[in-house]
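A.B. asks: Show me how the following folds:
(3 chains)
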Amino acid sequence: MVADPAPTAAAADTPHNTLEVRNLSISYGGEVALGGVSLDVRQHEIFGVIGPANAGKTSFLKALNRMDVFNSGMHVEGDIHFNGHDIRRLKNIYALRSRIGVVFPLPVGLPMTVYENVALAPRLRGVRDKTELDIIVERCLQRAALWDEVKDRLNSLGSLLSGGQQQRLTIARALSQEPELLMLDEFSIAVDPVTTMRIEDVLKELRQEMTIVLVTNLVQQARRLADRTAFFLEGSCVEVGETEDLFSGDVKDQRTRDYIEGKFG
Amino acid sequence: MPMFAETELNVRNKKFQALFRLLFMLMTGLLILPVLIILTTLIYKGGSVISMDFLFTAPTDGMTAGGIFPALIGTVWLVAVALLVSVPVGIAAAIYLNEYAGENWFTRLINLAIINLAGVPSIVHALFGVGAFVSSVGFGFGFGTSILAASLTLAIMTLPVVIVATRESLRAVPMAFREACWNMGATRWQTIRRVVLPNAVSGILTGVILEVSRTSGETAPVMFTGAVFFTPFLPQGIFDQTMALSLHLFVVSTQVPGVPEDLPYGVALVLIAMVLIMNSVSIAFRMYLRGRKKW
Amino acid sequence: MNPKATSDFDRRNLDWYLDKLVQVLVFIGGISAIVFIIFIFLFITKEGIGFILHTMDVKEFFLSPYWEPSDEDAPEYGILALVAGTASVTGLALLVAIPFSLGAAIYVGEFATGKTREFMKVLVELLAAIPSVVWGFIGLTIMNPLIIEVFDVPVGLTVLNAGLILGLMTAPIMTSIAEDALKAVPDRYREAAEAMGATRWQVIFKVVLPAAKNGLLGAVLLGVGRGFGETMAVLMATGHAVNIPTSIFDSVRALTATIAAELGETAVGSDHYQALFTIGIFLFIITFIINLTADLVVRGVRRG
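C.D. replies: Alright, predicted model coming up:
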C-alpha cells in the first residue's frame, strides 16, 4: 500500500486497516518464535489475540512497534503496514512508536511523580503549557481508573505505587500518547477484577478514538471486548474471525474451538 | 568414604574452627593496627603544627617555617581543572558503555584499555605528561610546565575512576524503565536525559568525590608537569606553575635542610585528613543513598 | 484524533538528530580510553626513541647492574640492579600482603556479619585511600628509626622498609578483590559441603578457596602490578644505592624511583633523559602485560 496523503478527516469516513501484516516471521537467534503470520486489523476495532503461552503473541506486538531495532537478537521478516505506511523501512522509528501505545504485563511506574509519569509523552511531543498538561494528565488518569486514588498525591513517586496502581499508571501513560493504536498484552494480570472491569468499559469507549489490539490469556475477556479475534498457537496464527463466530463454534480449525473450550493451554 | 565424614574428629574440628576464626580475625586486625598506630603518631607529632596560620599563610625561611597555603590553593587548582576534563569525558564513556555498546570485541577492548589506564604507573603518566603536554617536540602540545599540563595528566590518570563509578550507577537503573520510555517513542538520549541520568547522579557524585580524593594525593604526575617545589606567587591562570600539597610533603621531608621535626608531620596530617574526610563523605553518602530507595 | 498529519509520518525531527549527535559524542568518550593508552605509549616512545635507536646497548641495558648515566667518560645504562630493586621490594611486599589480605578477606567474607562486616569494609576502603607520598613519609620518618632500633642495623631505608610499606599499601586493594572473588563463589558450593558434614574451615579451604583461585590469582597479579608501578613510597623509603640487594637490609633503587629522582636533573633530549624515558617504556610494557594477564585470569581464561 502506498502512503495515503489524505488528511485524517477523510480517513475517519472511509474505513481502512490500521494494520496490514503479511508473512510476518520472528526469530530469536535461529529459534523461530512466529512464522508466516498474515492478518489485518481494522480501524476502530478491538482486535483480540488469544492463545497459550509461547505462542508468539508478545513477539508479535514487539514487531509492530519496531522494538526489534533495540534488540539485536530479534530478527523480523515480512511486511507490516501501519495506516498505509510500510514500517519495516522507516527513517524515524521514534515517531512510529509515539503513535502506538503499549501496555505489557509487568507494571512499570517510572521513578518520577505520578504527574510526570503521565506528562512525559505530551512533553516529548512538545506540549509545554501547564494547563494543557494538567488537562491531559487528569483525563488519562481518569480513563485508566486511577484518578480517584492519586488525585491528592500527584507528587508521589510512580515507582512506589502498588502493583495494580502501577499497571493503571502504565495504561495512563500509553493513553497520554494519544495513540492511533493501543496494544495491551495481558494487562489484567497485575490488576484486580473490579478494576479490570472498569478498564474494559474504558476500552470499549476508546475504540471510537483509536484501534485496539488486545492480547489476553483470559478467553472470556476477548469474548467481552473483541470485535474480531485471532488465535495464535505455537508460533503461527491459526485463524482470525468474528468473535461471535469463534465462540459459537463456527471455527475453521478444530484447535481454536478446543482452546476456547479450555481443553488445553 | 565421603570427604568430610570424620565423625570421631568432629570435636577436634570444632576447636580448629574456633582457632581459625580467631586467626583470621587477628590477621585482619594486624593489617589495620599498624595503620592506626601510624595515624596516631601523625596526629601526635603533627597536631601541634596545625593552626589557622599554618593553613592560610605561605612558607617562610626557605620553607622551614610558615604555612602551606599556596600548596593548598595549588592542589585545588589542579584538581578543579582535572575534574573539568575527566568528568564529562568519563560520563560520556560510561554512557556509551552502558547504554549503547554491544557485547563485542570492541567493547572488551575499551574495557581493557580502562583497566590498563588505571594500572599504568604514576611515573609513566608523568613521563606521558611531559612528552605530550609540557614538551613541544614532535606532537607535544607545548604548554610548558603548567597547571594545564599537570591537570591534563591527572585527568587521564583518574579517568577510570569516573568511568567505573558512573557505569555502576547507570547499571543500577533497571532496564524496565528504559523500555517503558522507548515504547512511548522516546529516543535513547531522551530516555537517558529524563530517566536514567537523574537517577544515576548520586552514584556519579560518589565517584567524583572519590576522584577528587585520589587526585589531591598524587605526586609523581604533577612533579614534572606543573607543580614546583616553591613559587612565591599564587597561580593566576592555567598556564602558571603552582605548588601542590602532595609535592610539598615530599619537599619538606626530603629536599629542605633544617626543617623542624614536626613541620612535615603537620603537612602529612593535613593531606591525610583531607583524603580521609573526602572518602568518608563519599562512603557516608553512599550509605545514605542505599536507604533512600526510589524503586 | 492524533493531530499529526500523515504527510509527516516519517520525518526526522530535532530529537532524532539530537539523539544521533549524542550517540557520536558518547562514542568519542567511549574510545577515549583506548586513544589515551595508545597516546601514552606513543609519547613516551617519542621521547625515548633516540636512546633506543642510537645509544642503547641491549645487552648492557638488561644485564648490567651499573646504572651510571652521568659518568662523563663512559656512561653506563644498566637496569639490572634497578629491576632487582623493584623486584625485591615487590616480592617482600607480596610476601607480607598476601597472607594477611587473604586472611582478612576470609574473615570479612566468611566469618564477619552485618555491622562488623560493614565496618571492616569501610576501614579497608579508607586504608586504600591513603596517598603514596604519605606512605613514603611514613617509611622515612616512622619505619626508618623503628627498623634501625629493632634490628640493630645502621640504615633503615632498605628493602625491608619499602617492602613493609608497599605491603601495607597494596593489602587493602588485594583484600577487596579477594573478597569479591570469594563472594563470587556460589552459596550452593558451601551448602553442599556443609551438607556433607564439613566444618567452616574445611568448607573454606577445600571448597571456597579452590573455586575462587582465579579471582585470587587476579588479586595477586594486581598487587604485583601495583608494586612494580609504585613511585613515591618506594622513592622515599628505599635508600639511593644502586645495587643488587643481598639481604633485606640493603638499600636499593627501584625503576620508578630512578625516573622520579633523576628526571628533574637531566637536560631535555639528552641521552640520560631519553634513557629514563626508555625505562618508562619498559615499565609500561611490563605493567601492561601484568594487567592483561590479571584480567584474563580473573575472567577464567587460562593463558597458554
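
A.B. asks: check contacts around residue 67.
C.D. replies: As the question left the chain open, I've gone with chain A. A:74, B:179, B:182-183 (C-beta atoms under 8 Å, 6 or more residues apart in numbering or on different chains). The way it works is simple: take the backbone N, C-alpha and C, and place the C-beta from them, glycine included.

A.B. asks: ah, no, chain C please
C.D. replies: In this structure, C:W67 makes contact with C:76-79, C:81-82, C:242, C:253, C:258, judged by C-beta under 8 Å, 6+ apart.

A.B. asks: again, only using 10 Å
C.D. replies: Neighbouring residues of C:W67 by C-beta atoms under 10 Å, 6 or more residues apart in numbering or on different chains: C:61, C:75-82, C:85, C:242-243, C:253, C:255, C:258, C:262, C:275, C:279.

A.B. asks: Keep only those of those residues that are in helices.
C.D. replies: C:61, C:80-82, C:85, C:255, C:258, C:262, C:275, C:279 (DSSP state H).

A.B. asks: Between those residues, identify the one with the most neighbours.
C.D. replies: Tallying neighbours with other C-beta atoms under 10 Å in any protein chain shown puts C:G85 at the head of these, with 31 neighbours.

A.B. asks: coming back round to it: let me have the contacts of A:M67 in a markdown table, extended by neighbour count, distance to chain C and secondary structure.
C.D. replies: Output for those, formatted as a markdown table (neighbours: other C-beta atoms under 10 Å in any protein chain shown; distance: C-beta to the nearest C-beta, whole Å; DSSP: H, G, I helix; E, B strand; the rest coil):
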| residue | neighbour count | distance to chain C | secondary structure |
| --- | --- | --- | --- |
| A:M74 | 17 | 20 | strand |
| B:E179 | 18 | 16 | helix |
| B:W182 | 21 | 12 | helix |
| B:N183 | 25 | 16 | helix |
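
A.B. asks: ok and the residue in chain B nearest chain A?
C.D. replies: Using C-beta to the nearest C-beta, B:G185 is the residue of chain B that sits closest to chain A, at 2.8 Å.

A.B. asks: so that residue sits right up against A:R173, yeah?
C.D. replies: No. The criterion here is C-beta atoms under 10 Å, and B:G185 misses it with A:R173 at 11.2 Å.

A.B. asks: Which residues are in contact with each of the two?
C.D. replies: A:101, A:121.

A.B. asks: what's around the closest residue to B:A93 other than its chain neighbours, how many residues?
C.D. replies: Leaving aside its sequence neighbours, B:A93 sits nearest to C:G29 (C-beta to C-beta, 6 or more residues apart in numbering or on different chains; 4.0 Å). By the criterion of other C-beta under 10 Å, C:G29 has 21 neighbours.

A.B. asks: picking that back up, pLDDT and distance to chain B added to the ones in helices among the contacts of C:W67, as CSV?
C.D. replies: Conversion of these to CSV gives the following (pLDDT from 0 to 100; distance: C-beta to the nearest C-beta, whole Å):
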residue, pLDDT, distance to chain B
C:F61, 83, 17
C:L80, 88, 19
C:A81, 88, 18
C:L82, 90, 13
C:G85, 90, 14
C:L255, 92, 9
C:T258, 92, 9
C:E262, 91, 11
C:A275, 90, 12
C:I279, 93, 9
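
A.B. asks: so for the strand or helix carrying A:K62, what's the average pLDDT?
C.D. replies: According to DSSP states H and E, A:K62 maps onto helix A:57-64. Averaging pLDDT along helix A:57-64 yields 92.

A.B. asks: Where does the prediction get shaky in chain C?
C.D. replies: Along chain C, the parts satisfying pLDDT under 70 run over C:1-8, C:300-304.

A.B. asks: residue closest to the middle of it?
C.D. replies: With distances taken as C-alpha atoms, centre = their mean, C:R226 lies nearest the centre of chain C, 1.7 Å away.

A.B. asks: Now do the same contact list for that one.
C.D. replies: C:R226 neighbours (C-beta under 10 Å, 6+ apart): B:119, B:121, C:90, C:93-94, C:97, C:132, C:166, C:169-170, C:173-174, C:287, C:290.
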